[in-house]
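Engineer: here you go, sequence then predicted model.
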Amino acid sequence: MTPTSCLTRRQYLLGTASAAVALMTGLTGCAPAQQAMRGTFVQPWISHQNWSKQNWMDKCQQMKMLGATQLTVQWVGQHSEEINWRLSDESLKNIFDVAEELELNIRLGLPYDTRWWKVLQTTDPTILAAFLQTASEQISEFIRQSRWQVRPAFVGWYIPYEIEQYSWGSEARMSLLTQWLHQLVEITPTNDLQQVAISTYHSALHAETSLSHVWESILARVPLRPMIQDGVGVEGLANYAMLVPLGEMLKRQAVNFDLIIELFEQEKADHLSDITFKAHSASMDRIREQLKQAQRFGAENLVSFSLDPWVIGDTPEAKLLLKNWPA
């Protein structure tokens, strides 16, 4: 896999999920499995900027019906030279009002700069440093104006950038990363129970360092909660073996972490030149195998990526997965 194809996959996961449709009727009896994913990601888009309370109530009821008790709102908005939008304060209030009525917890994602993956490809350290500073300022501005952390449903902040080992092979870049993460944690007000979280995954690209080493360096300075993507949607079930060193290191250091179960399956391109990422909902049989692997991994929570659109969706695969969702 080339860096371009990896980038396209990540951009897809962060930027192209469709809006959910209503659950099919007659499913009010659905309940989560015993080995359940109690959390799920929610990805707001520009179309969600001014959703009403009823819009969010419908969405959250669907996810609660499928077993979710904690929602990670991936970001409050996106910005770059090409795009600039943010959920309105009224919409965020609606999200928290609904969550508290339904007894759901919210981990709230911070503003996201869509240039992240493009900047990571640069070899110029000044470009990367400038981007990190800008992202920090954008997050700091939001935090200064935010009061969402005092809401009863709030359980922590989510930094909407993904950490892998391919982009951080040099000591200089690792130093930039740890300094930046330390700065972000310093400006995000939390208490002892509200850890700041960030996603991480094992890159299939050849790297000069390991994912466990990256996280050893981070955790030596920054108290973060890793949310580990299992990577099965693209790399298959064998990807769990690539995550074992990271999981063992986190357990040795008694670090709480979440494991993200990917509910999609990449569709292989027909031509080598086709690098556009396409996917469909995974089968329930494959998800059950993921859960078996996950139970041995030691994560505090299992989080799906994500009920919407891979279970709450209008594709044939999503409808089949919904039909087979454990009762």
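Structural biologist: Arrived safely, thanks for sending. Numbers count the residues shown, from 1 in each chain.
Engineer: can you give me the helices for the stretch 101-250 of the chain?
Structural biologist: Here the stretch 101-250 of the chain has its helices, by DSSP state H, counting those that start in this stretch, at 116-120, 125-145, 171-187, 211-219, 232-235, 239-252.
Engineer: any idea which of these is most buried?
Structural biologist: helix 232-235 (a mean of 22; mean count of other C-beta atoms under 10 Å). To be clear about C-beta, it is placed using only N, CA and C from the backbone, and glycine gets the same treatment.
Engineer: okay, stretch 139-157 in CSV with CA atoms only?
Structural biologist: Only the C-alpha atoms of stretch 139-157 are listed here, as CSV (Å, rounded to 0.1, in the frame of the first residue of the first chain):
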residue,chain,number,x,y,z
ILE,A,139,-8.7,24.1,19.8
SER,A,140,-7.7,26.7,22.5
GLU,A,141,-10.1,29.2,21.1
PHE,A,142,-13.0,26.7,21.3
ILE,A,143,-12.0,25.6,24.8
ARG,A,144,-12.0,29.2,26.1
GLN,A,145,-15.6,29.7,24.9
SER,A,146,-16.8,26.2,25.9
ARG,A,147,-18.9,25.3,28.9
TRP,A,148,-19.8,21.8,27.7
GLN,A,149,-17.4,20.1,30.2
VAL,A,150,-19.7,21.1,33.1
ARG,A,151,-22.7,19.2,31.6
PRO,A,152,-23.6,15.9,33.5
ALA,A,153,-23.3,13.8,30.3
PHE,A,154,-19.7,15.0,29.5
VAL,A,155,-17.1,12.3,30.2
GLY,A,156,-14.1,13.9,28.4
TRP,A,157,-12.6,15.5,25.4
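Engineer: now W51, nearest residue through space, not along the chain?
Structural biologist: S91 (5.3 Å; C-beta to C-beta, 6 or more residues apart in numbering).
Engineer: next one: stretch 246-260 to chain centre, how far?
Structural biologist: 17 Å (C-alpha atoms, centre = their mean, to the nearest Å).
Engineer: how about stretch 135-153?
Structural biologist: Counting by C-alpha atoms, centre = their mean, stretch 135-153 comes out at 18 Å from the chain centroid.
Engineer: export the helices of the stretch 101-250 of the chain to a markdown table and tack on mean pLDDT?
Structural biologist: Output for these, formatted as a markdown table (pLDDT from 0 to 100):
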| stretch | mean pLDDT |
| --- | --- |
| helix 116-120 | 96 |
| helix 125-145 | 95 |
| helix 171-187 | 95 |
| helix 211-219 | 97 |
| helix 232-235 | 95 |
| helix 239-252 | 96 |
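Engineer: Q195: which of those is closest?
Structural biologist: Nearest of those to Q195, taken as C-beta to C-beta: helix 171-187 at 9.3 Å.
Engineer: so, low pLDDT: which residues of the stretch 1-150 of the chain?
Structural biologist: Residues of the stretch 1-150 of the chain meeting the criterion pLDDT under 70: 1-35.
Engineer: repeat that with 90
Structural biologist: For the stretch 1-150 of the chain, the stretches flagged by pLDDT under 90 are 1-36, 49-50, 81-82.
Engineer: sorry, back to before: with distance to T69 as extra columns, can I get the helices of the stretch 101-250 of the chain in JSON lines?
Structural biologist: Compiled in JSON lines, these are given as follows (distance: least, C-beta to C-beta, whole Å):
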{"stretch": "helix 116-120", "distance to T69": "29"}
{"stretch": "helix 125-145", "distance to T69": "26"}
{"stretch": "helix 171-187", "distance to T69": "25"}
{"stretch": "helix 211-219", "distance to T69": "27"}
{"stretch": "helix 232-235", "distance to T69": "23"}
{"stretch": "helix 239-252", "distance to T69": "23"}
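Engineer: may I see the buried residues of the helix or strand encompassing the residue nearest to W51?
Structural biologist: For S91, the host element (DSSP states H and E) is helix 89-102. Using 16 or more other C-beta atoms under 10 Å as the test for burial, helix 89-102 gives S91, L92, K93, N94, I95, F96, V98, A99, L102.
Engineer: my read is that the first one contacts W45, right?
Structural biologist: No. The pair S91 and W45 does not pass the contact test of C-beta atoms under 8 Å, sitting 11.8 Å apart.
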